[in-house]
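> Dropping a prediction and its sequence here:
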Amino acid sequence: MKTALLFPGQAAQFVGMGAKISASSETAQTMMTHADNILGYKLSEIMAEGPAEKLTETIYTQPAVYVHSMLVYEQLKGSAEPTAVAGHSLGEITACVAAGVMTFEDGLLLVRKRAEAMQSACELNPSTMAAVLGMDDAKVEEICAGIDDVVPANYNCPGQLVISGSKEGITKAIEKCKEAGAKRALEIAVGGAFHSPYMQPAMDDFKEAILSVEMKDASIPVYQNVDTKPHTAAGEIRENLISQVISPVRWTGSINRMITDGIENFIEVGGKGKILLGMLRKISREVGSELWQEE
C-alpha cells in the first residue's frame with residue numbers, strides 16, 4: 001500500500017507539545033535540547049509551558065510546530081515506509097527534511113528565518129486573513145477578484161478556502177461572501193496576510209536564507225503547495241519553497257494529485273487533533289488515514 005506522510009503547519013501548536021515525548025524518549029530529549037541550542041533560547045519551555053499567547057506568536061509558533069513534528073516523525077520512523085510526503089505551508093519544510101532534502105538543523109534555521117521574515121512583513125504592512133466555509137472555490141475567487149488587495153490563500157478542502165488581504169478588503173470580502181450564501185465567513189486571529197503579495201518582503205528575506213542552505217535531491221517525492229506536483233530535484237524544491245511564501249497553499253489539489261498517483265493511505269504526523277485528516281476526509285473518503293501523535 002502506498003503511503004504518504006502529511007505534516008501540519010501553523011495552527012497545530014498547543015501548550016504542552018513535546019513534553020510527553022521528551023519525558024519518555026532520550027532521542028527526543030536530545031533533539032529538543034539541540035533545537036534550544038541552535039535557536040539560542042528555550043523553545044522547549046515555551047512549547048511545554050506556554051503561555052498560549054506567546055506560543056501563538058509567529059516567531060515561536062513556526063519553530064515549535066516544526067520541532068514537534070520532527071520529534072513525532074522520529075518515533076514513526078521504522079513503523080511506516082512512506083512513498084511520498086507533503087506539508088501544509090510551514091509543514092512543507094518538515095516534509096523536505098523527512099525526504100532527506102536537508103538536515104534537521106538546516107530545516108530549523110530556515111523555519112526560524114521564515115518566521116522572523118513573516119513577522120516583520122506583518123508589522124510592515126498590517127493585514128489579515130479570513131476563512132470562508134460552505135462556498136465553492138470559484139465563487140470565492142470571483143469575490144476576491146472584485147476587491148483590491150484580497151486573494152485566495154489556502155485551498156484547504158472543498159468548502160473551506162482561506163483568503164488574505166488588507167483589513168478593509170477582508171472586511172468587505174466577508175460581507176460579500178455572506179451575502180452570496182457562504183455558510184460562514186470569519187476573520188482569523190493571525191498576524192497578517194500569509195500566502196499573499198503582502199508577504200513579498202518576507203519572501204525576499206527567506207530567499208536569501210534558503211539559497212545558502214545545502215539541499216539534496218529528495219529520496220521520495222515531495223508534493224508541493226505551489227503547483228501540487230511531486231518533486232525530487234533539489235533545485236525545483238528550493239524554488240517552490242521560496243515561491244510558497246507569497247503563493248496560495250493548494251492543499252486540495254495536492255491531495256487529489258497524490259490519490260491520482262496511487263497513494264492509498266495518509267498519515268498525519270504530529271500536530272493538534274486531526275487538522276489535516278479532517279481536510280482529507282472532505283476531499284476523499286476512499287483512502288485510508290492514520291494519526292501519529294506523541295506518546
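All right, it came through fine.
> which one is Lys172 nearest to, not counting chain neighbours?
Among residues not flanking Lys172 along the chain, Ile147 sits closest, at 5.5 Å (CB to CB, 6 or more residues apart in numbering). Just so you know, the C-beta spots here come from the backbone N, C-alpha and C atoms, and that holds for glycine as well.
> And the one you found, which helix or strand is it part of?
Under DSSP states H and E, no helix or strand contains Ile147.
> Tell me who's in contact with it.
Ile147 makes contact with 165, 169, 172-173, 176, according to CB atoms under 8 Å, 6 or more residues apart in numbering.
> Let's see that with 10 Å instead.
163, 165-166, 168-173, 176 (CB atoms under 10 Å, 6 or more residues apart in numbering).
> I'd like to know which of these are buried.
Neighbour-count burial (16 or more other CB atoms under 10 Å) is assigned, among these, to 163, 165-166, 169-173, 176.
> In the helix or strand bottoming out on mean pLDDT in the chain, which residues are buried?
Ranking every helix and strand in the chain by mean pLDDT, DSSP states H and E puts helix 19-24 at the bottom, with a mean of 91. Neighbour-count burial for helix 19-24, with 16+ other CB under 10 Å as criterion, is recorded at 19, 21-22.
> Quick check: can you list the domain ranges of the protein?
3-123+196-292, 128-188 (automatic domain parsing).
> hang on, the earlier thing: and the residue nearest to Lys172, how far is that from Met199?
18 Å (CB to CB, to the nearest Å).
> what's the answer for Gly40, then?
For Gly40, the distance to Met199 - CB to CB - is 25 Å.
> Compare the two (neighbour count), which wins?
Neighbour count, other CB atoms under 10 Å: between Gly40 and Met199, Met199 has more, with 25 against 8.
> Quick check, the more buried one in contact with Pro248.
No. Look at Met199 against Pro248 with CB atoms under 10 Å: they stay out of range, at 11.4 Å.
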